[in-house]
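# Any chance you could fold what I've pasted below:
(one chain, ligands or ions: 1)
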Amino acid sequence: MTLKPITMIAAFLAITSCGGPQESDQTPAGALLGRLEAQVNEGKIMFGHQDDYMYGHSWKLDDDATEYMQSDVFSTCGQYPAVYGMDLGGIEMGWEKNLDSNPFDHMRASAVAHYERGGVITFSWHPRNPLTGGDAWDVSSDQVVASILPGGDGHEYFMTWLAKAADFLASIKTADGETVPVIWRPWHEHTGSWFWWGQKLCTTEQYKALWQMTYDYMAIERGLDNLVWAYSPGAGELSSVEVFGERYPGDDIIDMVGFDCYQYSGNDVYAADMKNALDITKAFADEHGKLMAVTETGYEGVKDAAWWTQVLYPVMKDYPVSYVLVWRNACDAHMQHHFYAPFPEHESAEDFKTFSALDRMMFIPFCGLSKND
Ligand code: BMA
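All right, here's what the predicted structure looks like:
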């Protein structure tokens with residue numbers, strides 16, 4: 001794979017330091033990338049779940065919690081997801097809780113706990129609309145990206161949003177002061193037009209400039225060295241490798257490529273959509289020397305008792321997928337149907353257990369106190 005300058009320096013230091021690669025002169029991002037690459041080479045696919053420790057199908061973390069142990073995935077199969085996804089939406093407003101009511105303090109602390117358990121963290125971002133004041137889904141103006149780029153009226157204001165996101169990402173540290181590496185996946189699903197940074201809401205140049213501005217600020221100006229940068233179009237629009245790459249910000253910025261693909265109808269349609277997106281992503285990843293992942297997927301309500309081993313696994317098993325992340329299990333009373341991972345009473349729980357035990361699937365074993373202690 002092609003390494004970015006910062007990673008190359010890290011790799012060089014790691015090789016030349018007397019302790020070998022384990023002695024970490026590496027940046028946190030370089031270390032995470034090395035780990036991800038090694039796992040892919042061993043054929044491992046990490047399972048991921050959005051907001052896993054924050055809430056589940058019928059529970060929510062206490063605001064005054066000090067531990068992060070509860071998880072629908074753990075309750076179902078006895079292991080935690082290897083990848084823990086969260087979303088920074090709301091950080092830009094200075095809110096205490098994100099757009100799905102997760103306190104940022106708990107997000108930070110649970111990310112550290114998950115990292116110390118041996119897991120990997122990823123953040124997406126659904127920032128509000130900086131021009132209209134609406135949410136990320138407010139597509140009433142196609143001038144939003146233009147307005148926040150350098151020279152735009154909203155540029156300075158938007159830079160305060162990037163600063164708040166950067167502050168948070170830099171603040172995820174262990175008690176020893178080690179900065180936790182994260183897979184950072186902003187500006188996702190841009191091939192669709194449902195977010196203010198989407199296809200019809202800005203030009204290719206503007207979209208690329210948005211990434212460049214984000215990278216220049218976070219990685220260069222702020223020097224954040226714990227971010228593995230991920231690019232993930234929506235799968236629905238991926239008709240070719242060219243479409244995948246049309247708004248690609250560049251090899252200097254991106255470390256990992258993936259896509260978001262959901263099941264909305266039959267298994268066959270989903271399997272075909274996934275295969276198409278996997279083929280295109282793999283071709284692009286190979287050409288650019290990048291890792292690949294299924295950055296978001298799932299079947300709302302998992303309405304098939306054997307979905308894990310008969311639908312999801314068969315379609316991705318022939319690809320070098322670093323991780324596959326399913327979306328959140330909403331706990332709000334009016335969103336009980338909105339879940340993508342199983343819970344013990346769900347009809348796909350048994351199948352999920354089988355899935356979690358597959359050789360290639362990677363979860364995080366429970367390694368705290370035993371339940372009898
Ligand atoms: C969407 C839904 C929303 C949520 C958003 C950001 O797909 O799950 O309910 O607010 O993601 O997490």
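
# how far does stretch 116-136 sit from the chain's center?
Its chain's average C-alpha position is 9 Å from that of stretch 116-136, according to C-alpha atoms, centre = their mean, to the nearest Å.

# Please spell out which residues along that stretch are buried.
117, 119-131, 136 (16 or more other C-beta atoms under 10 Å). In this view, the C-beta of every residue, glycine as well, is placed from N, C-alpha and C.

# can you check stretch 170-184 too?
170, 172, 173, 179, 180, 181, 182, 183, 184.

# any idea which of these is closest to residue 268?
residue 183 (30.5 Å; C-beta to C-beta).

# can you tell me the helix or strand for that closest one?
Using DSSP states H and E, residue 183 maps to strand 182-185.

# try residue 73
helix 72-77.

# three-state assignment of residue 303?
What DSSP: H, G, I helix; E, B strand; the rest coil gives for residue 303 is coil.

# And it, how close does it get to residue 348?
9 Å (C-beta to C-beta, to the nearest Å).

# same question, residue 90
31 Å.

# Same question for residue 164.
38 Å.

# neighbour count winner among those two?
A count of neighbours by other C-beta atoms under 10 Å puts residue 348 above the other of residue 164 and residue 348, at 22 against 19.

# I'd like the mean pLDDT over the strand holding residue 183, please.
Across strand 182-185, the average pLDDT comes to 99.

# Is the ligand within reach of it?
No - judged by C-beta under 6 Å from any ligand atom, strand 182-185 and the ligand are separated, with a smallest distance of 12.3 Å.

# just stretch 47-60 next, same as before
No - applying C-beta under 6 Å from any ligand atom, one finds stretch 47-60 separated from the ligand by no less than 6.9 Å.

# buried set for that stretch?
Buried-residue list, stretch 47-60, by 16+ other C-beta under 10 Å: 47, 48, 49, 50, 51, 52, 53, 54, 55, 56, 57.

# The first one contacts residue 83, doesn't it?
Just to be clear, that refers to residue 47. Yes - Residue 47 lies in contact with residue 83 (C-beta atoms under 8 Å); the separation is 7.0 Å.

# ok, how many other residues are close to the residue of the stretch 201-350 of the chain found nearest the ligand?
At 5.5 Å from the ligand, residue 328 is the closest residue in the stretch 201-350 of the chain, using C-beta to the nearest ligand atom. Look at residue 328: counted by other C-beta under 10 Å, it has 25 neighbours.

# Name the helix or strand for it, please.
When the helices and strands are read off by DSSP H and E, none of them contains residue 328.

# and it, what pLDDT?
98.

# does it really touch residue 298, like I thought?
No - at 9.1 Å, residue 328 does not count as touching residue 298 under the criterion of C-beta under 8 Å.

# Between those two, which contacts overlap?
Residues touching both residue 328 and residue 298 by C-beta atoms under 8 Å, 6 or more residues apart in numbering: residue 340.

# Show me which residues of the stretch 101-250 of the chain sit near the ligand.
Counting by C-beta under 6 Å from any ligand atom, the stretch 101-250 of the chain sits next to the ligand at residue 126.

# packing partners for the helix or strand containing residue 163?
For residue 163, the host element (DSSP H and E) is helix 155-170. Helices and strands touching helix 155-170, by 3 or more C-beta pairs under 8 Å, 6 or more residues apart in numbering; DSSP states H and E, are helix 144-148.

# ranges for the helices of the chain?
With DSSP state H as the criterion, the chain has helices at 5-16, 28-41, 72-77, 104-116, 144-148, 155-170, 204-215, 241-245, 267-288, 307, 313-316, 349-356.

# Alpha carbons only: can I get the last one in CSV?
Just to be clear, that refers to helix 349-356. Extracted in CSV, the C-alpha atoms of helix 349-356 (Å, rounded to 0.1, in the frame of the first residue of the first chain):
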residue,chain,number,x,y,z
ALA,A,349,-29.3,-14.0,17.6
GLU,A,350,-28.3,-17.7,17.1
ASP,A,351,-27.1,-17.0,13.6
PHE,A,352,-25.1,-14.1,14.8
LYS,A,353,-23.4,-16.3,17.4
THR,A,354,-22.4,-18.6,14.5
PHE,A,355,-21.2,-15.6,12.5
SER,A,356,-19.2,-14.3,15.4
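
# Just give me how far it sits from the chain centre.
23 Å.

# One more: the third one?
Relative to its parent chain, helix 72-77 has a centroid offset of 20 Å by C-alpha atoms, centre = their mean.

# phi, psi of residue 238?
phi -80, psi 90 (degrees, to the nearest 10).

# Surely it and residue 191 touch.
Yes - with contact defined as C-beta under 8 Å, residue 238 counts as touching residue 191 (6.8 Å).

# ok so, going back, contact partners for the residue of the stretch 201-350 of the chain closest to the ligand?
49, 50, 51, 55, 100, 338, 339, 340.

# could you redo the last one with a cut-off of 6 Å?
50, 51 (C-beta atoms under 6 Å, 6 or more residues apart in numbering).

# measure stretch 162-182 end to end?
Chord length of stretch 162-182, first to last residue, is 16 Å (C-alpha to C-alpha, to the nearest Å).

# I meant stretch 230-250, not that one.
First-to-last distance for stretch 230-250 - C-alpha to C-alpha - comes to 11 Å.

# what sits up against it?
Contacting residues not belonging to stretch 230-250 are listed as 183, 185, 188-189, 191-192, 204, 207-208, 211, 254, 256-261, 273, 277, 280, 283-284, 295 [C-beta under 6 Å, 6+ apart].

# can you do 8 Å?
Outside stretch 230-250, the residues within contact range by C-beta under 8 Å, 6+ apart are 122, 183-185, 188-192, 199, 204, 207-208, 211-212, 215, 254-261, 273-274, 276-277, 280-281, 283-284, 287-288, 293, 295-296.
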